[in-house]
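S.K.: predicted model and sequence follow; I will ask about them next.
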Amino acid sequence: MDNTTATNNTDDRTSEAGGLLAGKVAFITGAGRGIGAAAARLFAREGARVLLAARTEDQLKAVTEEVRAAGGTADYVVCDLADGASVRAAVDRAVDRFGRLDVAFNNGATIQRPGPLDQMAEADFDQVYAVNLKGQWLAMSAEIAAIRATAGTGAIVNNSSIGSLMANPELPAYGAMKRALNSLTESAAVTYGPEGIRVNAIAPGGTATEMIRTWQENSPGLVERLTTLTPLRRMADPDEIAQAAAWLLSDRASYVTGAVLKVDGGARA
């Protein structure tokens, strides 16, 4: 896997000295689009130096250049969450580039083709597992080691889904991996809390991302159904989900760990 990065920016100043994440180095997976890209922009605005990771280099490069143009500090690394060596190299790159790791947002995921579980190909199930569960475990393992070795204390947020909190007949494998991710989150919070490393998850509801658009193509009327079931009667903007992650990663959430925070417009109220 190509772990080429863009390194032409040598300005490591934080964009906002008084921001929510001022002085922190943040690692973000799935950062080329959607919620991950929104998080990269937001975290940089809030003062973090950000290392973006995803599989698609042109998307990473575009978001990185956008962050820099707005006055933030960012770099990127091509990373495949299904490849353990790639994940570890990406986390190492954050430390090499910025000297430490304070916080991480494990946002990267893949979706399955909607349908009953008995109609899902074994290879497709394996891919959802490799990215949405094993990939998150790989990322957390590498991030905890990096935080422990550099910053000493820090925080991790995993991106789950409200689909992990109920039956999910249209996306059974996706929901199962996200539910397992909640368990990994809670176990990590208990394990690493004594070291000062907090681990939480967010569970977004319907959000206007490419993943939802792909699901809509296979399930016409999906967005209307999700909106009807949401008391706020709309989809979330990716930035609204990123805002919740930023707060959990910040020192303002210093006594929050082991939580799975619903960010769903009231859909699961």
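M.R.: Great, that's in hand. Because the structure is a prediction, the values reported are computed rather than measured. Numbers count the residues shown, from 1 in each chain.
S.K.: is it correct that A201 falls within a strand?
M.R.: Yes: assignment of A201 by DSSP: H, G, I helix; E, B strand; the rest coil places it within a strand.
S.K.: got the contact list for the helix or strand hosting T227?
M.R.: Following DSSP states H and E, one finds T227 within helix 222-228. The contact list for helix 222-228, computed with C-beta atoms under 8 Å, 6 or more residues apart in numbering, reads G205, G206, I212, W215, Q216, R233, R234, M235, A267. For the C-beta atoms, the positions are set from N, CA and C on the backbone; glycine is no exception.
S.K.: now what about the helix or strand following it, what contacts it?
M.R.: Scanning forward in sequence from helix 222-228 by DSSP H and E, the next helix or strand is helix 238-249. The contact list for helix 238-249 (C-beta under 8 Å, 6+ apart) reads 20-21, 24, 26, 34-35, 37-39, 41-43, 46, 103, 105, 107, 155-157, 159, 198, 200, 202, 204, 207-209, 253, 256, 259, 261, 263.
S.K.: out of these, which end up buried?
M.R.: Among those, those classed as buried by 16 or more other C-beta atoms under 10 Å are 20-21, 24, 26, 34-35, 37-39, 41-43, 46, 103, 105, 107, 155-157, 159, 198, 200, 202, 204, 207-209, 253, 259, 261, 263.
S.K.: can you tell me which of the residues you listed are in strands?
M.R.: Among the buried ones among the contacts of helix 238-249, the ones falling in strands (DSSP state E) are 26, 103, 105, 155-157, 159, 198, 200, 202, 204, 261, 263.
S.K.: just flag the most distant two among those residues.
M.R.: Greatest spatial distance in these: R198 and P204, 19.4 Å, computed using C-beta to C-beta.
S.K.: helices along this structure, start to end?
M.R.: Counting by DSSP state H, the chain has helices at residues 34-45, 57-69, 84-98, 122-129, 135-149, 172-192, 210-218, 222-228, 238-249.
S.K.: comparing those helices, which comes out most buried?
M.R.: Among the helices of the chain, ranked by average contacts under mean count of other C-beta atoms under 10 Å, first place goes to helix 34-45 (a mean of 26).
S.K.: which secondary structure elements does it contact?
M.R.: Helices and strands touching helix 34-45, by 3 or more C-beta pairs under 8 Å, 6 or more residues apart in numbering; DSSP states H and E, are strand 25-29, strand 49-54, helix 57-69, strand 73-78, strand 103-106, helix 238-249.
S.K.: the nearest residue to L261 once chain neighbours are set aside pairs with what?
M.R.: The shortest distance from L261 to any non-neighbouring residue, by C-beta to C-beta, 6 or more residues apart in numbering, is to I202 (5.0 Å). Bridge pairing for I202 (DSSP bridges) gives the partners N159, L261.
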